[in-house]
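Undergrad: any chance you could fold what I've pasted below:
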Amino acid sequence: RGFYNSDSWGFTKGKVQENESQLKCAIREVMEEVGFDMKDRAFDDQYLERDLNGQLIRLYIVKQVPLDTKFAPKTKNEIKV
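TA: A predicted model of the protein is given here:
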């Protein structure tokens, strides 16, 4: 759930740091926001991409996530459960 709006769900978001690929940014943000390490499950060529009002949105396809995975934020104030 989002930190500011507990009534909605959304994808993790973040800004690419200097010298960081979009995939590395996604891996870092997912770890920070939901505590899931997807580095061995996400790949540079497996994503959906869309331009929404001038903002590029990229969603990586992550396969074989166990159904019993416990998601929990690693960074304070990222998400309320």
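Undergrad: where does the prediction get shaky in the protein?
TA: Low-confidence segments of the chain (pLDDT under 70): 1-7, 76-81.
Undergrad: please name the nearest non-neighbouring residue to residue 28.
TA: residue 14 (7.1 Å; CB to CB, 6 or more residues apart in numbering). Placement of C-beta: from N, CA and C, glycine included.
Undergrad: what strand or helix carries the one you found?
TA: Using DSSP states H and E, residue 14 sits within no helix or strand.
Undergrad: I'd say it and residue 34 touch.
TA: No: using CB atoms under 8 Å as the test, residue 14 is too far from residue 34 to be in contact (11.8 Å).
Undergrad: which of those two has more residues huddled nearby?
TA: Using other CB atoms under 10 Å as the criterion, residue 14 and residue 34 rank with residue 34 on top: 18 against 13.
Undergrad: verify the stated contact: that one with residue 12.
TA: Yes: applying CB under 8 Å as the test, residue 34 and residue 12 come out as touching, 6.5 Å apart.
Undergrad: circling back: which ones are touching the residue nearest to residue 28?
TA: Counting by CB atoms under 8 Å, 6 or more residues apart in numbering, residue 14 touches 25-26, 28-29, 32-33.
Undergrad: 10 Å - rerun?
TA: Contact analysis of residue 14 by CB atoms under 10 Å, 6 or more residues apart in numbering lists 20, 25-26, 28-30, 32-33.
Undergrad: that one and residue 75: what is the separation?
TA: Relative to residue 75, residue 14 is positioned 10 Å away (CB to CB, to the nearest Å).
Undergrad: quick check: neighbours shared by these two?
TA: 29, 32-33.
Undergrad: ChimeraX command to pick out the buried ones of these?
TA: In ChimeraX syntax, the buried subset of the shared contacts of residue 14 and residue 75 is picked out as below (16 or more other CB atoms under 10 Å):
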select :29,33
